[in-house]
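Trainee: build me a model from this:
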Amino acid sequence: MRHGLTLIETLAVTALLGMVAALGVPALVRSIAQDPLDAVVTGLMSQEAQARALAYGRGGHVELRGNGLGMLGPHGDLVTYVAPSDVQLDWTISGSSAVRLDYDTAGRSRDVAVTATREQHYIRLQLAGLTGEWLVPAGTP
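Mentor: Below is the predicted model of the structure:
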């Protein structure tokens, strides 16, 4: 009866694990590094949710800008998000460029379309004004 592993078996297992690590680590690093556009979208969603919460019960408006958004509530509350300088945000409400989005006292607004562009890559999103839910339209990369 034999206990343990021989030197050849140990070397074979070590070599196999080394090959798996050599192939898997670059893919893991790529998947961990977050795409800058994804980071912008995450920040934008977070700030819009804060703006919606500020408007709830008090009303207010959000200023939509080329590089982000800012909300000044009726009591001077301010929520601001500015995208990185290499990302362009385009806001559209009802087919025209948006400058201001008003919230009612229930925290509802009109629907907004947002396109975040960085170099040749882009993400298109839609904000459902009644629910505050962000949607990715079909056909968006």
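
Trainee: please make it C-alpha for all contacts and neighbour counts, starting now.
Mentor: OK.

Trainee: flag the shaky bits of this protein, pLDDT-wise.
Mentor: Applying pLDDT under 70 to the chain picks out residues 1-2, 28, 30-34, 57-60, 63-67, 71-79, 137-141.

Trainee: could you list the domains of it?
Mentor: With domains defined by automatic domain parsing, the chain comprises 1-33, 36-135.

Trainee: tabulate the ones you listed (JSON lines), appending mean neighbour count.
Mentor: Shown next, in JSON lines, are the domains of the chain (neighbours: other C-alpha atoms under 10 Å):
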{"stretch": "domain 1-33", "mean neighbour count": "10"}
{"stretch": "domain 36-135", "mean neighbour count": "17"}
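
Trainee: show me where this structure has strands.
Mentor: Ranges of strands in the chain, per DSSP state E, are 60-65, 68-72, 78-82, 88-93, 96-97, 100-103, 112-118, 121-128, 133-135.

Trainee: would you turn the ones you listed into TSV with distance to L5?
Mentor: Shown next, in TSV, are the strands of the chain (distance: least, C-alpha to C-alpha, whole Å):
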stretch	distance to L5
strand 60-65	66
strand 68-72	61
strand 78-82	59
strand 88-93	59
strand 96-97	70
strand 100-103	69
strand 112-118	54
strand 121-128	52
strand 133-135	55
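
Trainee: which one of these lies closest to T14?
Mentor: When the strands of the chain are compared by C-alpha to C-alpha, strand 121-128 sits nearest T14, at 41.0 Å.

Trainee: and the longest helix seen in the chain, what other elements does it pack with?
Mentor: The longest helix of the chain (DSSP state H) is helix 7-32. The helices and strands touching helix 7-32, judged by 3 or more C-alpha pairs under 8 Å, 6 or more residues apart in numbering; DSSP states H and E, number zero.
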